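Visitor: Make a model of this:
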Amino acid sequence: MEKMVELLSLWDKCGEGTSGAPALAGPCLAGNRLNLDVYPDGCCHFLWLLKEQREEVLQVEFLRLSSNDCLIGTTLDSLPHLGHLKSLVLKGGHARDKFGCHQRGSLTSLPQDFGNLKCLTHLDLSFNRLSTLPSCIVHLPNLRVLLVSYNSLVALPEDFGCLSKLTFFSAMKNQLTDLPQSIGELSMLQNLDLSENLLQLLPEEIGNLHNCKELVLSGNCLSSIPDSLANLKSLRELRLHSNFLVTVPASLASLPNLSRLALQNNCLRDVPAEIQALPFVDLHGNPLGEAEPSLQADESSARRLRRLSCRLGKNSFPVTSEGCEVVLPCDIHFFFPPGAVSDPLLISFRLLEPDPQWVKLKHHDVLLSRVLELQPHGVKFQQEVQIWMPFVPPQIRHQHEVVVRTFSGQSWSDLRTRVEWKRGLMTAHCSVLHFSWFLVVGQLVQDECKVPAEGTLLFSSVDPNIKVIFPPGVTKEPRSVKMQVLQIPAKAMNEIIADAECKASPLICLSQDSLVDFLNPVTIQLPLPPGVTGLNLDQLKLRLLHGDLEGQTWDDITSQVVLKFTHIYVMFEVTHFSWYWLWYTTKTYIEGIAKKVYERLRLYQVNFIALQRKKDPEQVLLQCVPKHKVDPVLQRLKKRYQGPEPSDMVEMFEGEQFFATFEGGISISMDRPDCVDGRLSFIFYSHLKNMKEVYVTSPVDRKGQAVKGQVSFYRGAVPENIPEDASRRRKGAHSLWLATLPIKLPQLKPRCDENPGPLCGFSFPPLNLGNAETGYLTQANLLSIARRVGSDWQTIGFNLGLTYQQIERIGHNNRDDLDKQILGMLFSWAQQNSEDPDCVRKLITALKKSDRQDIADEVETIIDLGRQKYSESIRRVGLEPESSTEDSAIA
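Guide: Just a heads-up that it's a prediction; the model follows:
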């Protein structure tokens, strides 16, 4: 009885079963497989099994252990006795540190007698601390698959070519600087992954890998590649992106089986025509045809700087005193000159959605980018760091200038900004000495000058006919003056006031850095309104208006100033600065009309669209689109989406909040952080997408009929800086409604898992993830999950542990079909983890990390149902232990 209690205790500790020692070996030792890497004390299990069931363990062919286990060193000495072993996995990454990062395993070497494992064909030593490849590995005569990714290898042994049967070798994420010449002796090698190392040169012998089908050399320091690569006639995929290549051999174009050539993010300025003509080559991110960039740092040192390309899913990058160039997935570029930091520094970044409560825009500003946050905040660099931020060009470019604004924690300020083309994108370029929050804004062009006591002239760069004359003696101390001009097209004026006889000159706004008025009057020259000249001028129709800086009040000051005329200009004198506006009209109450026009100039005419994905009508796209962009947007979406015509035109302010609500038996089928009380929250910015995709559902049984509902759009809180009249008009329930569009959920058809035959055109091997006690996930379950994943599939894939290369390959191979991308991701992961008893828990964790709690709950429901069925079956056959009486019976 004591022996049985001891065994039951050990069994519970392992997290398996509830019966005695024979049952212990059952789940752990399944035939010739022993999977112990998911247990915190898996090595303890192995040593116990080796002692108690030695004969069975010595027959094991497939063994998995965690190198994070504290007993891994003791266990290694026993492994060479497993003469039948074919597959051995000794990976780290199963434990996490206090920051949640995966910890590498403790392996630094292997026992020399590992070379006795003559049957071993598969060896995985990833996520460990190997600085050199153990010499015993090259004595494994039948080794076909070798993985040493995520270690610290600086070199491979010279006799590496002895592994003559090797077909797959991955050493990504190490510190390799070169390769041995013997690598060319791996005549059977088909897949070679050496990405994200420090390789500077490749040996000519690499061209002897005649059976190589996939060669991955991305993320290294290669400036050239040998011509011998043209000998790899079996090569299908060659990845050379994110290196320092300045040229590539034209002979690569003659490879007969090549179907993908990745050359993006290099330094290629002149690519052979044969390479450019390949339909499958990717040259994105190369300075093709550009002149050599002039950086502040010395050009020769700039060329030697390492360049980092942060992959999708990464949110940080390291910077050292040597400096570097960095490219984020969103095409934001950084240049850290040598000496910018004295000690290594980890920079983290994230893109935030702008919040009008935080991002304060001035009148007539347009937001051109999302908010970029860079940390650590407040750290001062030794030299200026350059940033290039892509942006959407403003609609009226000659009136707006592009500036980068930064947030100090208290207020926003403008940085000196230059607009430049960077790798085919329009970017805002600025230099900073510290990191915080940054965004790109289009503001009215601002002309500035310093006014001395001797006086000066200030001209508008938007309209040279507008100028300000500062006479001598206008000020005692020099002061800075700024001028902004807002032009109003005659067509827009007619649409607002419906009076062709009513005309106006451009608005001019003057400001200064002093609170004291000028000592002498300042002369302002404005052009006469369109169509008015000195020949047909009726002076009684001219009205000069003065407005406050907020544009809330406008006063007719015609009688308070002296207007002087030329053939095309009018001039007047003022002593203080604000808005000035010249009108030509017969209307008497011009102040009210000007206030209405100024308000309308800040409004955008928009339409709402609600479209459903053709292949999955439960996926709904909602978007608020400026009127002039509606047709291009619909043209781009019509291949994948369908739905009603856009809504009628409504008007909105930049930065205004609005909500979308589903009605008529349709609701959002998931919890979202931007959903409050069933309402989706949006912020309208004229140059951003203002788009969201959601999944909807209906409580109505759709097997018998379709469900006809609708989505309605409502205004949110009144923006702080809108005119008072507009604020008053937006009070009351009826004034908040904007538009309503119909949504129809079709009658449900039998799902793929309810019909025999192929799985919706996809063919995958049968799957049963998990185990009988925890419940299984089948093919049908994965298909059901796939229907709800949507555009989050990449995030979920990364959290499931798929590599960037796998995600990239799945996306590229199915680039025109989101459904295939989702299924490819899920089933790729499932096939890799089909033997992992803990894979279902990992799937649930990945979904939660990806903010898809809705799908995680669905999976847990499936698993709970599986547990219940398993318990019921155990109870029916009388095997469930329910009392101490059973323990006695077992004993």
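Visitor: residue ranges for the strands of the stretch 301-450 of the chain, please.
Guide: For the stretch 301-450 of the chain, the strands defined by DSSP state E, counting those that start in this stretch cover 306-309, 316-319, 324-327, 333-336, 345-352, 366-367, 371-375, 380-390, 400-407, 412-415, 418-422, 425-434, 437-444, 446-451.
Visitor: Hmm, I typed the wrong one, I wanted the stretch 501-650 of the chain.
Guide: Listed in chain order, the strands of the stretch 501-650 of the chain (DSSP E, counting those that start in this stretch) span 503-504, 507-512, 522-527, 542-547, 554-556, 564-565, 569-574, 579-584, 603-613, 619-626, 641-642, 650-653.
Visitor: Correct me if wrong: residue 33 contacts residue 835.
Guide: Yes - using Cβ atoms under 8 Å, residue 33 is in contact with residue 835, at 7.1 Å. Bear in mind the C-beta positions are built from the backbone N, C-alpha and C, glycine included.
Visitor: Was I right to think residue 408 contacts residue 434?
Guide: No - using Cβ under 8 Å, residue 408 is not in contact with residue 434; the gap is 9.4 Å.
Visitor: Flag every buried residue along stretch 588-605.
Guide: For stretch 588-605, burial by neighbour count (16 or more other Cβ atoms under 10 Å) applies to 590-591, 593-604.
Visitor: Narrow these to those in helices?
Guide: Counting by DSSP state H, these place 590-591, 593-601 in helices.
Visitor: which one of those is nearest residue 129?
Guide: Among those, residue 601 lies closest to residue 129 (Cβ to Cβ), at 64.4 Å.
Visitor: Now do the contacts for that closest one.
Guide: Residues in contact with residue 601 (Cβ atoms under 8 Å, 6 or more residues apart in numbering) are 364, 486, 488, 492.
Visitor: List the residues that contact the first one.
Guide: This points to residue 364. Residues in contact with residue 364 (Cβ under 8 Å, 6+ apart) are 443-444, 486, 601-602.
Visitor: Tell me what residue 413 is bridged to.
Guide: Bridge pairing for residue 413 (DSSP bridges) gives the partners residue 406.
Visitor: ok, and the closest non-adjacent residue to residue 372?
Guide: In this structure, residue 372 finds its nearest non-sequential neighbour in residue 438, 4.7 Å apart by Cβ to Cβ, 6 or more residues apart in numbering.
Visitor: Quick check: that neighbour touching residue 368?
Guide: No - look at residue 438 against residue 368 with Cβ under 8 Å: they stay out of range, at 11.8 Å.
Visitor: Any chance you could list residues touching both of those two?
Guide: Common contact partners of residue 438 and residue 368 (Cβ under 8 Å, 6+ apart): none.
Visitor: okay, which residue of this structure is out on the far edge from center?
Guide: residue 535 (60.7 Å; Cα atoms, centre = their mean).
Visitor: Residue 566 is in contact with that residue, correct?
Guide: No - taking Cβ under 8 Å as the definition, residue 535 is not a contact partner of residue 566, at 11.6 Å.
Visitor: Find the residues that touch each one of these two.
Guide: Joint contacts of residue 535 and residue 566 (Cβ under 8 Å, 6+ apart) do not exist.
Visitor: What's the local residue count around residue 492?
Guide: Using other Cβ atoms under 10 Å, residue 492 has 13 neighbouring residues.
Visitor: One more: residue 360?
Guide: When neighbours are defined as other Cβ under 10 Å, residue 360 has 14 of them.
Visitor: any idea how far it is from residue 600?
Guide: Separation of residue 360 from residue 600 (Cβ to Cβ, to the nearest Å) stands at 22 Å.
Visitor: ok, now residue 713?
Guide: Going from residue 713 to residue 600 by Cβ to Cβ gives 21 Å.
Visitor: now residue 265
Guide: If you measure residue 265 against residue 600 using Cβ to Cβ, the figure is 46 Å.
Visitor: so how many other residues sit close to the closest residue to residue 408 other than its chain neighbours?
Guide: Spatially, and ignoring its direct neighbours in sequence, residue 408 is nearest to residue 436 (6.4 Å; Cβ to Cβ, 6+ apart). Other residues within reach of residue 436, judged by other Cβ under 10 Å, total 16.
Visitor: chain center to stretch 541-554: distance?
Guide: Distance of stretch 541-554 from its chain centroid, counting by Cα atoms, centre = their mean, to the nearest Å, is 45 Å.
Visitor: for that stretch, which positions count as buried?
Guide: 541-547, 551, 554.
Visitor: neighbours around the residue nearest to the residue farthest from the centre of the chain when sequence neighbours are not counted, how many?
Guide: Among residues not flanking residue 535 along the chain, residue 567 sits closest, at 7.5 Å (Cβ to Cβ, 6+ apart). Look at residue 567: counted by other Cβ under 10 Å, it has 9 neighbours.
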